[in-house]
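>>> how does the following fold in three dimensions:
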Amino acid sequence: MKEIREYNNYIGGKWIASQSGKVIERYNPSSGKLTATYQDSTAKDTELAIQTALTSYKEGEWSNWTPAERSHLLMNISRKLKDNVDRLSIIETEEVGKPLETAKAVINGAVENFAFAATLARNIPGESRSLNKKLDAIITREPVGVVGLIIPWNFPLGILSQKLPYALAAGNTVVVKPSEFTSSTAFELAKIMHDCGLPKGVANFLSGYGGTVGQTLTDSDDIHKISFTGSTKTGRNIVKASAGNMKKISLELGGKSPVIVFPEADIEQAVNGALNAIYFLQGECCVSGSRLLVHEDIHDNFIDKLVEKTKSLNVGDPLQDNCDIGPMIHEEHREKVLKYIKTAKQEGAKLVYGGKKLENGKFSDGSYVQPTIFTNVSNSMAIAREEVFGPVLSVISFKSEEEAIKLANDTPYGLSASIWTKDLDRSFRVSKAIQAGTVWINNHIEAFPELPFGGFKESGLGREMGVQGLEAFTEVKTIQFHHS
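Presented below is the predicted three-dimensional model:
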């Protein structure tokens, strides 16, 4: 019988059970088998973690480390993560349902985020100004203080690594709340950080639900910043809650990313790109290319090729090497995706492939949905405007560059977009017109630690990664020197 992973909270350098005496059970979305248990933490547990982080911050052991010392420790964490990529990838696959190769790519991305943040620890920006003969000034960046990190279920270690090492590089202390569905790799990271010698109380991890742990973090006057990734609905609630104490917030929220294919594009390359854009992590990704905008001159040929390639995808056990698409995160989410498919049919979209619940044979114990393609989609339909978060593609035809831009921007979201063209002038022109935080040219879903990530409009506030990702966890201070 496979061993079930059991985790306590990690607070002040110790592993502590919740005061509730209860645990959260996580079942593999592919097999339906129990794979892990985490603590069902209370508000009191959360307050303990907050006060532990606050005491650590006030005592200043971590923030008083030299930049070089913080850099060395973060780099050691990166190396230790790299040594554990295969093991951590299996854990994420078992809990999220993502194909194993996808999990490995994401965990390797976490390795790189820690390594890049380690370099930033030694390069925190500052400025000096000479205002006149008797006045000089320096502009410095200092840690925000105690930071609450709230992590979603789809990339539990990947998105955590877009926040945590940057917060630590700047000298902050943190409280981490992973998703109640996929907490294991966060606690595995806590073990690695402990073994690497991170001072007690600098990073604290506790599992639990948003209504208790998340709400307590957001409401606390002793949390100086919240960095949240998740739904736009929850993001709005965090904005409202932050008004009571004016804490800083960073939000990476929903998306409805357009994939825009112009007639001069490399069709094979664009088909493969569109395929990856929507079916990467079975569409459970904020930057999924869920709206495919195709020029009318190539529309029919493009869709024929796309359908044929979609038919060749293997849906199944994500731990198997040949798996392209795994299960939805849980049954409730599968039903939500199926409801969107039903609504799309009612609104007049044409189902050209998929659209079914997979529940027999090898699919009987999992939460599987067949990869799905709709054409004849209007940009006013629910599947074109709302974040389905599943393997459901909306195809919209356009006639001109101007219409493509208008369609792409006609959404409350603005997280990302991709443009497929061989026309260099067009690529610059359209990328500048698109209202999104990231625009890819002839690729989709590529990310690098050196590049900032975040959204326009209802896709969020602030940026993660890049130098901007470090600056987001700092306060700016101006010091003036008057002299004779």
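
>>> span of stretch 291-301 from start to end?
End-to-end distance of stretch 291-301 (Cα to Cα, to the nearest Å): 18 Å.

>>> what's it in contact with?
Under the contact criterion Cβ atoms under 8 Å, 6 or more residues apart in numbering, stretch 291-301 has outside partners 256-263, 265, 267, 274, 277-278, 302-303, 306, 379, 384, 393-399, 404, 407-408, 411. Yep, even glycine has a C-beta here, placed from its N, CA and C like the rest.

>>> what's the mean pLDDT across it?
This predicted structure assigns stretch 291-301 an average pLDDT of 98.

>>> one more: stretch 306-315?
On average, the pLDDT along stretch 306-315 is 98.

>>> what is the distance between it and the centre of its chain?
Going by Cα atoms, centre = their mean, to the nearest Å, the spacing between the C-alpha centre of stretch 306-315 and its chain's C-alpha centre is 26 Å.

>>> buried stuff in that stretch?
For stretch 306-315, burial by neighbour count (16 or more other Cβ atoms under 10 Å) applies to Leu306, Val307, Thr310, Leu313, Val315.

>>> quick one on the thing from earlier: show me the contacts of stretch 291-301 that map onto helices.
With DSSP state H as the criterion, helices contain Ile267, Ala274, Ala277, Ile278, Phe302, Ile303, Leu306, Ala384, Ala404, Leu407, Ala408 from among these.

>>> can you pick out the most distant pair from those residues?
Of all pairs drawn from the ones in helices among the contacts of stretch 291-301, the one with the longest distance (Cβ to Cβ) is Ile267 and Ala384, at 23.0 Å.

>>> neighbour count for those two, which is higher?
Looking at Ile267 and Ala384 with other Cβ atoms under 10 Å, you find the greater number of neighbours at Ala384, namely 24 against 16.

>>> for the residue lying closest to that one once chain neighbours are set aside, list each beta-bridge partner.
The shortest distance from Ala384 to any residue other than its chain neighbours is 4.7 Å, reached at Ser394 (Cβ to Cβ, 6 or more residues apart in numbering). As for beta bridges, Ser394 partners with Arg291, Phe374 under DSSP bridges.

>>> and Ser394, what does it touch?
Taking Cβ under 8 Å, 6+ apart, we find Ser394 in contact with Ser290, Arg291, Leu292, Ala344, Ala349, Phe374, Val377, Met381, Ile383, Ala384.

>>> out of those residues, who's nearest Ala190?
Nearest to Ala190 among the contacts of Ser394: Ser290, at 33.8 Å, using Cβ to Cβ.

>>> would you confirm that that closest one contacts Ala274?
No. Ser290 is not in contact with Ala274 according to Cβ atoms under 8 Å; the separation is 10.4 Å.

>>> touching both of the two, which residues are there?
The overlap between the contact sets of Ser290 and Ala274 (Cβ under 8 Å, 6+ apart) consists of Leu393.

>>> what residues does the helix or strand of the chain with the lowest mean pLDDT touch?
Taking mean pLDDT, DSSP states H and E as the measure, the chain has helix 232-242 as its least confident helix or strand, at a mean of 92. Where contact means Cβ under 8 Å, 6+ apart, the residues beyond helix 232-242 that reach it are 210, 215, 218-219, 226, 228, 248-249, 251, 253-254, 387, 412-413, 458-460.

>>> filter the residues you listed down to the ones in helices?
Checking those against DSSP H, those in helices are Gln215, Thr218, Asp219.

>>> now which of those residues would you call buried?
With neighbours counted by 16+ other Cβ under 10 Å, the ones in helices among the contacts of helix 232-242 contain buried members at Gln215, Thr218.

>>> out of the ones in helices among the contacts of helix 232-242, which comes closest to Trp62?
Using Cβ to Cβ, Thr218 comes nearest to Trp62 of the ones in helices among the contacts of helix 232-242, at 23.3 Å.

>>> hmm, the closest one is touching Gly148, no?
Yes. Between Thr218 and Gly148 there is a contact at 7.2 Å, judged by Cβ under 8 Å.

>>> intersection of neighbour lists for the two?
When contacts are counted by Cβ under 8 Å, 6+ apart, Thr218 and Gly148 are jointly contacted by Ile226.

>>> residue ranges of the strands in the stretch 151-300 of the chain, please?
173-177, 203-205, 225-229, 248-252, 258-261, 291-295 (DSSP state E, counting those that start in this stretch).

>>> list of residues touching the shortest one?
In this case it means strand 203-205. Under the criterion Cβ under 8 Å, 6+ apart, residues 9-12, 49, 52-53, 164, 168, 173-176, 178, 186-187, 189-190, 193 lie in contact with strand 203-205.

>>> among these, which lie within helices?
Filtering the contacts of strand 203-205 for membership in helices, criterion DSSP H, returns Ala49, Thr52, Ala53, Leu164, Leu168, Ala186, Phe187, Leu189, Ala190, Met193.

>>> return the distance of the fourth one relative to Thr372.
With distances defined as Cβ to Cβ, to the nearest Å, the gap from Leu164 to Thr372 amounts to 35 Å.

>>> what does the first one give?
Distance of Ala49 to Thr372, given as Cβ to Cβ: 41 Å.

>>> so which of the two has more stuff around it?
For Ala49 versus Thr372, the count of surrounding residues by other Cβ under 10 Å is larger for Ala49: 29 against 26.

>>> who does the nearest residue in space to the more buried one that is not next to it in sequence form a beta bridge with?
Setting aside the residues directly before and after it, Ala49 is nearest to Asn204 in space (Cβ to Cβ, 6+ apart), at 4.3 Å. Each beta-bridge partner of Asn204 is listed here: Val175, as defined by DSSP bridges.

>>> how near is Asn204 to Pro125?
28 Å.

>>> hang on, the earlier thing: could you give the angle of the least confident helix or strand of the chain to strand 248-252?
Per axes from the mean of the first three to the mean of the last three Cα atoms, to 10 degrees, the angle that helix 232-242 makes with strand 248-252 is 180 degrees.

>>> please pick the buried ones from the ones in helices among the contacts of strand 203-205.
The buried subset of those - by 16+ other Cβ under 10 Å - is Ala49, Thr52, Ala53, Leu164, Leu168, Ala186, Phe187, Leu189, Ala190, Met193.

>>> okay if I get those as CSV plus distance to Ile238 and pLDDT?
Putting these into CSV (distance: Cβ to Cβ, whole Å; pLDDT from 0 to 100) gives the following:
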residue, distance to Ile238, pLDDT
Ala49, 18, 98
Thr52, 22, 98
Ala53, 18, 98
Leu164, 18, 98
Leu168, 22, 98
Ala186, 19, 98
Phe187, 24, 98
Leu189, 23, 98
Ala190, 24, 98
Met193, 26, 98
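
>>> ok, the residues you listed vs Met465, which is closest?
When those are compared for distance to Met465 (Cβ to Cβ), Leu164 comes out closest, at 11.8 Å.

>>> the closest one touches Thr173, doesn't it?
No. Leu164 sits out of contact with Thr173 when judged by Cβ under 8 Å, with a separation of 11.2 Å.

>>> so where is the chain shaky, pLDDT-wise?
1-2 (pLDDT under 70).

>>> okay, domains of it per the record?
According to automatic domain parsing, the chain comprises the domains 5-253+459-480, 258-449.

>>> which residues are contacting stretch 28-37?
By Cβ under 8 Å, 6+ apart, the list of residues contacting stretch 28-37 reads 2, 4-7, 23-27, 94-97, 183-184, 317-319, 326-330, 365-367.

>>> state the distance from the nearest residue to Thr102 once chain neighbours are set aside to Glu331.
In space, and not counting its chain neighbours, Thr102 is closest to Leu281: 6.0 Å by Cβ to Cβ, 6+ apart. Separation of Leu281 from Glu331 (Cβ to Cβ) stands at 18 Å.
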